[in-house]
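Q: When you get a sec, could you give me coordinates for this:
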Amino acid sequence: MRTIVLVIAGFGFAGLLAGCQGPGPTPAAPAAPAPAKPVAPKAETPKPAEVKPAEPKPAEVKPATPVGGEVVLEVKSFTLKDAEVKDLAGASGGKAVLFGKEEASATKEVALKAGKYEAVVYLQAADGDHDAFYLVINGEENRLFPEDYGKVLPAKAVAFEVKADGAVKVELKASEETGMFLDRVVIRPAK
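A: Numbering: from 1, shown residues only. Next comes the predicted model:
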């Protein structure tokens, strides 16, 4: 048994000597690692600040250029409170706003250039007990009513002045004599 181990050990020693006999084929050197690409430092994600909802910007109201010297405001396009749009023969577009309650109102802003104007409200009232309302322009209130009944007619013109280019608030408010249809407000240069 010892002989076998020595023989095996001898072969192993011979194999070791054979490997040391000089240069044999040299294994290829491992490829040099590719240069590392520079890694940009990660930008820190900013911590979210308290985000406040953006406040809506009021729509910019540009001064109107009156067509033929007039600006026509359809009352049905106003912001309405306790009032309703109804069919009405003879009204602009076949519809007008019914003021059926004393709390009824219609409001709109219109941009005008500085100058002197007059506003005329067109309406239809059934009779003298259901015809009075208020036209308020920039806070100045005027009580109005039509000259006649049963069809769409103008109320008396209301004069007002715009001191500087900009928005003018036009408001129609019901009175105790409610029940009329309001059609349109025509704003024109004062005569």
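Q: What count of nearby residues applies to Met180?
A: Using other C-beta atoms under 10 Å, Met180 has 28 other residues around it. Just so you know, the C-beta spots here come from the backbone N, C-alpha and C atoms, and that holds for glycine as well.
Q: Please apply the same query to Lys169.
A: 12.
Q: Now do the helices in the chain.
A: 2-19 (DSSP state H).
Q: Where in it is the helix or strand with the lowest mean pLDDT?
A: Counting by mean pLDDT, DSSP states H and E, the chain has its least confident helix or strand at helix 2-19, which shows a mean of 45.
Q: what ranges do the strands span in the chain?
A: Ranges of strands in the chain, per DSSP state E, are 71-74, 79-81, 84-87, 95-98, 105-112, 115-124, 133-137, 140-144, 153-154, 158-162, 166-174, 181-189.
Q: can you redo those strands as CSV with mean pLDDT?
A: As requested, the strands of the chain are arranged in CSV below (pLDDT from 0 to 100):
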stretch, mean pLDDT
strand 71-74, 96
strand 79-81, 98
strand 84-87, 97
strand 95-98, 97
strand 105-112, 97
strand 115-124, 97
strand 133-137, 97
strand 140-144, 97
strand 153-154, 96
strand 158-162, 96
strand 166-174, 96
strand 181-189, 97
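Q: Tyr122 contacts Leu172, doesn't it?
A: No: using C-beta atoms under 8 Å, Tyr122 is not in contact with Leu172, being 11.3 Å away.
Q: Look at the two and report which has more neighbours.
A: The neighbour comparison of Tyr122 against Leu172 (other C-beta under 10 Å) goes to Leu172, with 25 against 21.
Q: Which residue is the nearest non-sequential neighbour of that one?
A: Excluding the flanking residues, the one nearest Leu172 by C-beta to C-beta, 6 or more residues apart in numbering is Ala106, at 4.5 Å.
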